[in-house]
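Colleague: Sequence first, predicted coordinates after that:
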Amino acid sequence: MSEMTPATRIVRLVLFVGLVAWMNFGPFYRQVLDGDNQHMREFRMYGTRARRTCQVHFEQKQKDAWKPVSRWEIEGYSFQKFPGRARRMLDKPKDALAAGRRLCGALGEDSELRYRMRCGHVRDGWGEWDVSEDLCAGGGR
């Protein structure tokens, strides 16, 4: 293979530095300089998955007080055996309702169980808590 001439090395170096500068200027312009140009590149972490991120907490009524319930312990999961994304992520109220019905089956239909759920976008912040009715009574939401 032939050796590179000094001019070829300089051209390659200039192209590489230009490419790195182009890749980093868009996110720098938007995040540091607070620019708002639709044609500039933008770094979006979780651009597709975090659009509707939800927090769901299940609670069981015990002696006139609502106590938190760990659905992982009740469903038999541990850190060695972890469920897939479809079972972990509760993105919609119907997913939380289905998970609550599974918990009712494990806890017994005579127990009182509800969920508290709030959803939001990463940039917009969390929404208000939505509290369900008793899931084991068959009503849900």
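Modeller: Ah, there it is.

Colleague: where do the strands sit along this protein?
Modeller: 53-62, 65-69, 113-121, 125-126, 130-131 (DSSP state E).

Colleague: possible to save those strands as CSV with mean neighbour count, mean pLDDT and distance to residue 10?
Modeller: In this view, the C-beta of every residue, glycine as well, is placed from N, C-alpha and C. As requested, the strands of the chain are exported to CSV (neighbours: other C-beta atoms under 10 Å; pLDDT from 0 to 100; distance: least, C-beta to C-beta, whole Å):
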stretch, mean neighbour count, mean pLDDT, distance to residue 10
strand 53-62, 17, 86, 48
strand 65-69, 13, 90, 64
strand 113-121, 19, 84, 46
strand 125-126, 10, 74, 49
strand 130-131, 14, 85, 62
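
Colleague: domain assignment for this protein?
Modeller: 1-43, 49-131 (automatic domain parsing).

Colleague: tell me the most buried of those?
Modeller: domain 49-131 (a mean of 14; mean count of other C-beta atoms under 10 Å).

Colleague: mind checking how far that domain is from the chain centre?
Modeller: Offset of domain 49-131 from its chain centre (C-alpha atoms, centre = their mean, to the nearest Å): 14 Å.

Colleague: what's the weakest-modelled helix or strand in this structure?
Modeller: helix 85-88 (a mean of 69; mean pLDDT, DSSP states H and E).
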